[in-house]
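>>> Sequence unavailable; structure follows:
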């Protein structure tokens, strides 16, 4: 594609939602030296940087300032560093990691407009307050491998966990919910087929194969009826004597009315499918490994950015600790925060940064001194699905059988997270315990040892769990191109919003763009 | 129930399959001092022994010889030891553990009628040649907890693993198989419902709830058709750009003809449901912990039992290393081997021991120097299901991202295990590689580093993967009662045949019977 073509396409995309202003904007960008260059023509076969892909010598060695030491910023600095760039990372908070946050004993958690909490956990307990799981196809797995971060299985689906909905009198085990739903669905279809209702659609062979599958799928009786199954679970599991299965299932109408569909299909999606994974010892093992690889001395914490300028031959960043000049800047700040930083990137950039909508998300970590969920309820890892405002309860997928452990008492988003976010920590805890008690009984409240809650939309320097794009055109496309010497990166600029892998993929894309520009620039 | 009632019931049960001989048999047993005593009346509320449940002092301290140092024998000795009994365990093999066998570098694996193999694995590689997974409700979990054996998640279901059947041109990922089967099943039922085929069975409310579930379950379009789904997987997963989903699914007839039903429903059962668990570092961690707890000095390996006698006041065991007298004996030998040991327990006991049928089972461990299944195929743990004679391929659920690893190239039973068992190791390996290559391509053969195969029905002192009972009456019931001072235990005497938990449950039952008898005996 010709450069003119590229410019035209970009201008058109930028113009979406700002009718008539595209031409004027582009002229303004050109005057500021912001017009995109040859770096937009990315080689299609470009391989994302890995160790030794880049050379430390030659003209790749430019100075880059990275704004934000979250996963995107750290990945940028890591990949650029491998290629010989001189990077400095500025981070407003007093720690690197951003939303990749693992809380341990003594850690302090500030909150905008509220008091800080201090984790009072026992030694060995941790709380992944941000991301908690990685799908096997995600690039986060590759970084764990490359950086030597040991991983272990994260249990995202547990037949022994519960399902609880407003349609139920009492929680049921996921295995029971699934057996009953599948049983009745299989019965209905098998009987409809038997009665000839599918004869116009299916051949005799098809119907026989369908029938065979349905008997297996629903554990149907010879008359094609579902009357329960050992798949539901047992009052006493088989041992020396035969097991005592749970009683008969509710009627078809009762089972349908319980509304368990979401819970049962929760892990069908490509991003939630079993198995998933987690770093051993806490998600921030990734942050620690990236920090080591980048070099602790290159990361300045407590440095809040207060200004960003494109200059004719570089960038200038002002922050609470001083002023920094570099050849290029990559900003990974959340877009809604970057929009507030005084800059000379143009009003369209500000408008674009304001386009994605921050989404509220919250979690509470409930620590217990005894793993009652394992010993008494035989739940080892996994998730209880509810339609309560807590949405989920997560059980730890590590430290099985150890003395204590931490349950995630809610992981909710949007309205539910806003509701909890408006409360004090004590109120959040009380509400979470009241809800969880419906599933686990009084000990859920009585045995609590300590707790910490996070409202990501109230976290300083972050102010959101992630963002929601009204559309993947316009502002999204604009910000994927550099504004002069300033590049953007973050999960918010990908189709993997809310995943660390998005931050990493975005970082790879951005440093590839930047590096391509640098190596192609005239000497 | 009166004692007379108990006797009558037992005599009746023993008589099944031996019409007319019950009375005669009982008379013979009485003459030999084999008649059951008060110990048959077990307190219903008896709690299986745990640490400190028993007292070391008093008349509980009898001398017991345990035959077989498999999981059942070790558990018997462990629980009796906690209660103050003086136990000696005789084991024919040169190691404890029985079928709980983990092979590592340098381990020698003998085979009846064939040459021994020696594991040539790299340091750190292990092969669970016997049991490999534990369900969370099983008592094996409690023993891991009590004995301090760390456990980790065993991935029994992996959406990224493959399904391969004769009905397929090429293997498909489990996620794809599931999405397509569920998609078409949901479409058929949703359309049948829409066309009124369920109106006589379901109310309007039911139909609406069913429809809502089916749309979610099958990821159906607004017209209730299934046309594929991102659940099938991607050619390129979402990242900075939107993902490129796999192409459209095959037709309904093609998907049904592929015969994926068994693979999809594999983990629906109560004993296979996700998640499952394994000891860290190899299944024999349980054996090692039990051995430590029992006391290595109480276990005599290389001691094959050659005779067993009930005496008026005890038992006498002859073995390849001498003769041993004790107050009681618990034999945990496989029934088909115990039947061959000369004894004075009566012909009915021998006949009963010959009733359960040994089942062939086999596994091959294939070691690779590189985890291509993780790095190239994004399969981290889990099982590929096939209808080939290899049945399954297991990927390791531990050591993710380490330098090498071991894949279980087949785990088969019955006819398939007999077929492989008849081959030499080199032939087994060649056959397993030829089959696996259909799924993983040429490197499955080319990259192999080393291998070990086991045919459990050809293992010395074991001669079977497990047993199959023609019925749970008659012989099964007879052998759950002591023959005089000789008790039986093992997974083969439970409704958890082929599971370690069965061996443990049986051991608990047997030592409870024995202990009850001892503490009730006149001083």
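Looks like it came in fine. Please read all numbers here as calculations on a predicted model, not as lab measurements. Numbering: from 1, shown residues only, chains lettered A, B, ... in the order given.

>>> ok, residue A:210 touching residue A:202?
Yes: using C-beta atoms under 8 Å, residue A:210 makes contact with residue A:202 at a distance of 6.7 Å. Any C-beta I mention is one placed from the backbone N, CA and C, and that applies to glycine too.

>>> Residues in contact with both of those two, list them for me.
Common contact partners of residue A:210 and residue A:202 (C-beta atoms under 8 Å, 6 or more residues apart in numbering or on different chains): A:193, B:188.

>>> Which of those two has more residues huddled nearby?
Applying other C-beta atoms under 10 Å in any protein chain shown to residue A:210 and residue A:202 shows that residue A:210 carries more neighbours, namely 24 against 18.

>>> Just the pLDDT at the more buried one, thanks.
Listed pLDDT for residue A:210 reads 97.

>>> Likewise for residue A:54?
According to the prediction, residue A:54 has pLDDT 39.

>>> and if you look at the one 4 residues further on?
Among the per-residue scores, residue A:58 shows a pLDDT of 42.

>>> Mind jotting down where the helices sit in the stretch 101-250 of chain A?
All helices of the stretch 101-250 of chain A, identified by DSSP state H, counting those that start in this stretch, fall at A:139-147, A:174-194, A:204-218.

>>> The nearest residue to residue A:76 once chain neighbours are set aside is in what secondary structure piece?
Excluding the flanking residues, the one nearest residue A:76 by C-beta to C-beta, 6 or more residues apart in numbering or on different chains is residue A:507, at 4.5 Å. Residue A:507 belongs to helix A:500-520 when elements are defined using DSSP states H and E.

>>> Next: residue A:65.
Here residue A:65 is assigned to strand A:63-67, by DSSP H and E.

>>> Give me the helices and strands touching whichever helix or strand comes after that strand, please.
Scanning forward in sequence from strand A:63-67 by DSSP H and E, the next helix or strand is helix A:71-82. Other elements packing on helix A:71-82 under the criterion 3 or more C-beta pairs under 8 Å, 6 or more residues apart in numbering or on different chains; DSSP states H and E are strand A:63-67, strand A:86-90, helix A:285-294, helix A:500-520.

>>> Go through these and pick out the most buried.
Of all the helices and strands packed on helix A:71-82, strand A:63-67 has the most neighbours on average by mean count of other C-beta atoms under 10 Å in any protein chain shown, namely a mean of 26.

>>> For it, name the packing helices and strands.
helix A:71-82, strand A:86-90, strand A:314-319, strand A:322-326, strand A:328-331.

>>> mind redoing it with 6 Å?
helix A:71-82, strand A:86-90, strand A:322-326, strand A:328-331 (3 or more C-beta pairs under 6 Å, 6 or more residues apart in numbering or on different chains; DSSP states H and E).

>>> Give me the sheet partners of the third one and which way each runs.
Taking DSSP bridges as the criterion, strand A:322-326 pairs within the sheet with strand A:314-319 (antiparallel).

>>> Could you do the last one as well?
Looking at strand A:328-331 with DSSP bridges, its partner strands are strand A:63-67 (parallel), strand A:486-488 (parallel).

>>> Looking at these, which is nearest to residue B:493?
Between residue B:493 and the strands paired with strand A:328-331, the shortest gap by C-beta to C-beta is with strand A:63-67, which sits at 66.1 Å.

>>> Next, the angle from the closest one to helix A:500-520.
160 degrees (axes from the mean of the first three to the mean of the last three C-alpha atoms, to 10 degrees).
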